[in-house]
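model the following, please.
(one chain, ligands or ions: 1)
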Amino acid sequence: MLPREVISTGPLILRKPSQSDVEAITRTCDDPVTARFLFSLPSPYTRADAMEYLRAAETRWLDGGAEFTITENGRYVGAIGARPPDRWGVSEIGYLAAPWARGKGVVSTAARGLTDWLFDHGVQRAEISAEVENIASLRVAGKAGFREEGRRREARTLPDGRRADFVTFARLPRDSGEAAEPYLPFFDGGELGDGVVRLTPIGLDDLGDYHRMMLEPTVQAYGIGPASTYEEDERRCRLTGWWWLSGQRVELAIRDAATGAFAGHLQLTQVVPVLGQAMIGYSLLPEFRGRGLMSRAVRLLTDWAFAATPLHRIVAGTEVGNLPSQRVLQRAGFSRESIQREMLPKADGSRVDEVTWLRLRGS
Ligand SMILES: CC(C)(COP(=O)(O)OP(=O)(O)OC[C@H]1O[C@@H](n2cnc3c(N)ncnc32)[C@H](O)[C@@H]1OP(=O)(O)O)[C@@H](O)C(=O)NCCC(=O)NCCS
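Predicted coordinates for the structure are as follows:
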């Protein structure tokens, strides 16, 4: 049994939920972000639901778990709880922040404090499971010292019937508990631009344009593998925030700065931190070609990578006959490095040579 204690962590007090929280709980749980990501809560959420929550919180304590209201200076700022540890000492924690307290590190601090307390009371492993599109929650897990362990595909059904992927994080008592600093930080201000092109994180809003571009014959001709379906591209667009945050890849829409129109796609992928190396790849819609947009986009992204990450080598591979792509790389400051013989499989079963290009930090 976990002891019914009050936890003090940083500026926060974690205490038992009480009647005085009902108003704040109702407002917090009736919020659209809460409803989106805690989709098993009633929606709309009423005072009666908050009263029911207080009863469920009491039951959770009786069952061996824990449920706290998070307060700062006496004010309700969220809630956090732990499921009863299983017979192997594994407990999953869950949390929410009041809309008026989000983005200030409240839940990250509470999750770290609660986890330390669980370890003090015999828990052997604490877990967090967050939907792959819940970037704030994925970030909270990293900041609370949890390590990512993997993506569980289609682990839950959402209210609209769609199956959603969840990411599992865990912290062990012997882990350092240090906050994870993303290897690939998000762009300051959300995007990069030079007045002619803008690079914005690609997401569901870009799905139609992205899919249309991937089906374009010249894009397909230089792609690897069969063309993706609309459904595959949709799944891909839902993963881009997590890919970025977990240091796997950056997926961007290239926009015409003058109109905001989607012009193409640029990615930083195959990130190998131990080597300080990553690869770029790109495609542009035909109507935006011939204006130097891609050279600008590639230069912007590589300049950012050298300024904001420890990457030392950015490489790119082009088919030996793809001269427009090779010109893009030359104009973006890349130099020709080597030939990879028969690297690229083609749709007809043949293979062609690839020219590898490189831009080094400081060049
Ligand atoms: C998840 C939740 C608890 C996070 O609360 P919070 O108070 O915003 O958390 P924190 O301030 O500690 O950290 C949030 C981090 O996510 C980042 N973030 C949030 N949304 C983001 C987005 N769309 N893109 C990039 N970063 C984002 C914030 O910038 C912050 O990171 P930083 O400190 O590095 O800047 C809150 O959004 C919430 O209550 N959501 C609804 C319930 C929920 O999802 N619960 C968890 C279920 S698993």
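
just the strands in the stretch 51-200 of the chain please.
66-72, 75-82, 90-97, 125-131, 147-157, 163-171, 192-193, 197-201 (DSSP state E, counting those that start in this stretch).

is the ligand within reach of the fifth one?
Pointing back at strand 147-157 there. No: for a cut-off given as CB under 6 Å from any ligand atom, strand 147-157 has no contacts with the ligand; the smallest distance is 10.9 Å. (Each C-beta comes from the backbone N, C-alpha and C, glycine too.)

counting by contacts, list what that strand packs against.
Packing contacts for strand 147-157, counted by 3 or more CB pairs under 8 Å, 6 or more residues apart in numbering; DSSP states H and E, involve strand 125-131, strand 163-171.

quick one: contacts of it?
129, 131-132, 141-142, 163-171, 175, 180, 242, 246 (CB atoms under 8 Å, 6 or more residues apart in numbering).

dump the residue contacts of the closest residue to A179 other than its chain neighbours.
In this structure, A179 finds its nearest non-sequential neighbour in K143, 4.7 Å apart by CB to CB, 6 or more residues apart in numbering. Counting by CB under 8 Å, 6+ apart, K143 touches G105, S108, A111, R112, A179, A180.

ok, back up a step: just name the most buried of the helices and strands packed on strand 147-157.
strand 125-131 (a mean of 21; mean count of other CB atoms under 10 Å).

show me which residues of the protein are close to the ligand?
33-34, 37-38, 95-97, 102-108, 130, 134-137, 139-140, 143, 186.

write the PyMOL selection for whichever of those residues are buried.
Buried residues within the residues of the chain next to the ligand, by 16 or more other CB atoms under 10 Å, are selected in PyMOL with:
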select buried, resi 34+37+38+95+96+97+102+105+106+107+108+130+134+135+137+139+140+143+186
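
just to revisit the earlier point, so can I have CSV of the helices and strands packed on strand 147-157 showing mean pLDDT?
Below are those laid out as CSV (pLDDT from 0 to 100):
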stretch, mean pLDDT
strand 125-131, 98
strand 163-171, 98
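
need these in JSON lines (columns: distance to E234).
Shown next, in JSON lines, are those (distance: least, CB to CB, whole Å):
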{"stretch": "strand 125-131", "distance to E234": "15"}
{"stretch": "strand 163-171", "distance to E234": "12"}
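
among the helices and strands of this protein, which has the poorest mean pLDDT?
helix 217-221 (a mean of 89; mean pLDDT, DSSP states H and E).

and the helices in the stretch 1-150 of the chain?
For the stretch 1-150 of the chain, applying DSSP state H, counting those that start in this stretch gives helices covering 22-29, 32-37, 47-62, 106-120, 135-143.

next: the stretch 151-300 of the chain.
Under DSSP H, counting those that start in this stretch, the stretch 151-300 of the chain gives helices at 207-215, 217-221, 230-245, 293-308.

can you tell me the SS state at D353?
Three-state call for D353 (DSSP: H, G, I helix; E, B strand; the rest coil): strand.

enumerate every residue touching it.
E319, V320, I339, Q340, R341, E342, M343, L344.

over to P286?
E216, T218.

could you measure from it over to the ligand?
Distance of P286 to the ligand, computed by CB to the nearest ligand atom, to the nearest Å: 32 Å.

do Q220 as well
31 Å.

so what's I25 closest to, chain neighbours aside?
I25 sits nearest to A50 (CB to CB, 6+ apart), 4.2 Å away.

G161 - how many residues pack around it?
Counted with other CB atoms under 10 Å, residues neighbouring G161 total 6.

closest point of the stretch 151-300 of the chain to the ligand, which residue?
Closest residue of the stretch 151-300 of the chain to the ligand, CB to the nearest ligand atom: F186 (5.3 Å).

what's opposite L344 in the beta bridge?
V352 (DSSP bridges).

quickly list the domain ranges of the chain.
7-171, 188-360 (automatic domain parsing).

so which of those gets nearest M1?
domain 7-171 (5.5 Å; CB to CB).

how far is the closest one from where the chain is centred?
18 Å (CA atoms, centre = their mean, to the nearest Å).

near E52, how many other residues are there?
12.

before we move on, back to that, tabulate the contacts of D353 (TSV), appending pLDDT and secondary structure.
Output for those, formatted as TSV (pLDDT from 0 to 100; DSSP: H, G, I helix; E, B strand; the rest coil):
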residue	pLDDT	secondary structure
E319	95	strand
V320	94	coil
I339	97	strand
Q340	96	strand
R341	97	strand
E342	97	strand
M343	95	strand
L344	94	strand
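
for those, work out which two are farthest apart.
Checking these with CB to CB, the most distant pair is E319 and R341, at 12.6 Å.

give me the more crowded residue out of the two.
The residue with more neighbours, out of E319 and R341, is E319; 17 against 10, by other CB under 10 Å.

partner residues bridging the more buried one?
Applying DSSP bridges, one finds that E319 bridges with E354.

residue contacts, it?
Contacts of E319 by CB under 8 Å, 6+ apart are Y222, S325, L344, V352, D353, E354, V355.

need the buried ones from these selected in ChimeraX.
A single ChimeraX command selects the buried members of the contacts of E319 (16+ other CB under 10 Å):
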select :222,325,344,354,355
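
dump the contacts of E319 to JSON lines, plus distance to D86.
Putting these into JSON lines (distance: CB to CB, whole Å) gives the following:
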{"residue": "Y222", "distance to D86": "50"}
{"residue": "S325", "distance to D86": "53"}
{"residue": "L344", "distance to D86": "49"}
{"residue": "V352", "distance to D86": "53"}
{"residue": "D353", "distance to D86": "55"}
{"residue": "E354", "distance to D86": "50"}
{"residue": "V355", "distance to D86": "54"}
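
many thanks, we can stop here.
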